[in-house]
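Chemist: compute the structure for the input listed below.
(one chain, ligands or ions: 1)
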Amino acid sequence: MPTLSIELHKDLRPFNTFGLSAYTARYLQVADEAALQEWWQTQGTPPEGLLVLGGGSNVLLTRDFPGLTLHMAIRGQEVIAEDDRTVLWQLGAGECWHDSVLSAVDSGWGGIENLALIPGTVGAAPMQNIGAYGVELKDVFHSLQAFHLPTGHIHTFDKEACRFGYRTSVFKHEVKGQYIITRVTLRLHKAPHVLHTGYGAVAEELALRVPAGQSPGITDVAQAVMAIRRSKLPDPAELGNAGSFFKNPLVPAAQHSKLRTHYPEIPGWPQPDGQVKVPAAWLIEQTGWKGKRLGHAGAHARQPLVLVNYGGATGQEMLALAQAIRQSVRHTFDIDLEPEVNVV
Ligand code: EPU
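Modeler: You can find the predicted model right below:
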């Protein structure tokens with residue numbers, strides 16, 4: 001049996017894309033399910049709590065963590081079934097999401113090309129049902145395996161059991177804190193592919209790249225998405241950030257109409273349930289925060305929904321910025337922005 005190597009008082013700075021320093025009392029890198037089982041049988045969750053980190057791309061560390069950090073590093077990419085049209089592709093939770101997108105595209109499997117360059121690991125993707133440019137993880141999701149902390153058993157969740165919604169799943173609500181995702185299986189499609197190119201920026205970028213009269217393929221879509229993201233979103237390797245900091249809020253249709261009388265240009269996307277989704281980036285821009293800084297933290301100049309660490313910011317500084325923006329938006333529009341990022 002492998003022996004666990006738990007490290008003490010470890011700085012999590014290399015493991016979060018904001019690049020924030022925060023010490024965890026104990027740290028364990030988890031390379032496979034056996035390591036999880038061994039940890040669970042011999043030590044279990046300490047009273048000070050458990051922090052599960054994947055790529056650290058959706059977390060704001062505001063303090064030192066007194067408990068145990070499990071850093072998920074389960075690897076593996078395996079086709080577990082296929083037919084003429086589809087493959088079922090199982091990935092370890094610790095695989096890099098973007099590298100997996102590139103591998104799928106290289107293999108000629110369609111379905112996740114619109115999700116290129118989303119930071120983070122495969123295991124974190126179902127947690128918040130990652131999405132971009134008209135596609136969400138749920139569209140290609142088949143099932144996942146997760147370690148059940150109360151019993152130490154591995155359970156399988158199908159798509160329905162995950163209860164996916166906009167940037168959410170059962171793992172953020174009903175069973176929050178009870179499971180650690182270990183493997184994810186996607187159902188991807190072989191050619192001919194159905195492309196999702198309806199999103200304005202993707203269509204424009206493709207028009208520039210694909211000669212008139214030719215049909216784009218999944219590689220073109222992935223490259224278009226990568227170009228759009230690189231032009232608008234800061235690279236966490238250069239400027240610490242965690243993608244969108246807030247969700248796009250949903251407001252009642254009546255409130256949206258009322259706001260439109262004051263702000264005729266307010267965007268809004270009507271939802272099937274009658275509510276209207278409003279771009280948080282627009283709300284933030286209106287309150288004057290776009291490109292502004294508070295200490296070492298700021299709202300990005302090209303996409304203000306992304307909060308960035310300009311270097312040397314503390315977690316408390318990032319949090320103060322988020323709270324100030326939230327307060328401005330509440331004050332101006334009577335809309336409460338909900339963080340998309342997990343605040344620890
Ligand atoms: N907008 C502004 N000012 C700006 C930028 C945007 O007013 O400076 C407004 C515009 O009305 C624009 C709208 O915001 O049409 C939407 O902007 P964008 O297309 O950049 O998308 P988003 O809604 O801000 C969401 C996701 C992103 C994803 C993009 C593309 C959320 C919380 N964010 O952002 O996901 O990449 O759509 O599909 O849903 C993430 O979750 O970390 C993330 C980056």
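
Chemist: only C-alpha atoms from now on, for both contacts and neighbour counts.
Modeler: Will do.

Chemist: leaving out sequence neighbours, find the closest residue to residue 38.
Modeler: Spatial nearest neighbour of residue 38, chain neighbours left out: residue 4 (7.6 Å); criterion: C-alpha to C-alpha, 6 or more residues apart in numbering.

Chemist: wait, that neighbour touches residue 37, no?
Modeler: No - proximity of residue 4 to residue 37 does not meet the contact threshold set by C-alpha atoms under 8 Å, at 10.6 Å.

Chemist: quick one, which of the two is more surrounded?
Modeler: Between residue 4 and residue 37, counted using other C-alpha atoms under 10 Å, the more crowded position is residue 37 (17 against 14).

Chemist: what about that one, which helix or strand?
Modeler: Using DSSP states H and E, residue 37 falls within helix 33-42.

Chemist: circling back: and the residue nearest to residue 38, what does it touch?
Modeler: The contact partners of residue 4, by C-alpha atoms under 8 Å, 6 or more residues apart in numbering, come to 28, 35, 38-39.

Chemist: I'd like the next helix or strand past the helix holding residue 37.
Modeler: Along the chain past helix 33-42, the next helix or strand (assigned with DSSP H and E) turns out to be strand 50-53.

Chemist: in this structure, which spans are helices?
Modeler: All helices of the chain, identified by DSSP state H, fall at 33-42, 97-107, 159-162, 200-209, 218-232, 253-262, 280-286, 315-333.

Chemist: mean neighbour count, these: which tops it?
Modeler: Mean neighbour count, computed with mean count of other C-alpha atoms under 10 Å, is highest for helix 280-286 among the helices of the chain, reaching a mean of 21.

Chemist: that one and the ligand in contact?
Modeler: Yes - judged by C-alpha under 6 Å from any ligand atom, helix 280-286 and the ligand are in contact via 281-282, 285.

Chemist: pull the CA atoms of that helix into CSV?
Modeler: As requested, the backbone C-alpha atoms of helix 280-286 are provided in CSV (Å, rounded to 0.1, in the frame of the first residue of the first chain):
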residue,chain,number,x,y,z
ALA,A,280,-22.8,41.4,-15.1
ALA,A,281,-20.0,42.9,-17.2
TRP,A,282,-22.4,45.6,-18.5
LEU,A,283,-23.6,46.4,-14.9
ILE,A,284,-20.0,46.7,-13.7
GLU,A,285,-19.0,48.9,-16.6
GLN,A,286,-21.9,51.3,-15.9
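
Chemist: what sits up against it?
Modeler: The set of residues external to helix 280-286 that reach it, using C-alpha under 8 Å, 6+ apart, is 246-249, 266-267, 290, 303-305, 325, 329, 333, 337.

Chemist: filter the residues you listed by proximity to the ligand?
Modeler: Counting by C-alpha under 6 Å from any ligand atom, 246-248, 267, 303-304 from the contacts of helix 280-286 sit close to the ligand.

Chemist: how near is the closest residue to the ligand within the stretch 201-344 of the chain to residue 199?
Modeler: Evaluated by C-alpha to the nearest ligand atom, the stretch 201-344 of the chain has residue 282 as its residue closest to the ligand, separated by 3.1 Å. As defined by C-alpha to C-alpha, to the nearest Å, residue 282 lies at a distance of 18 Å from residue 199.
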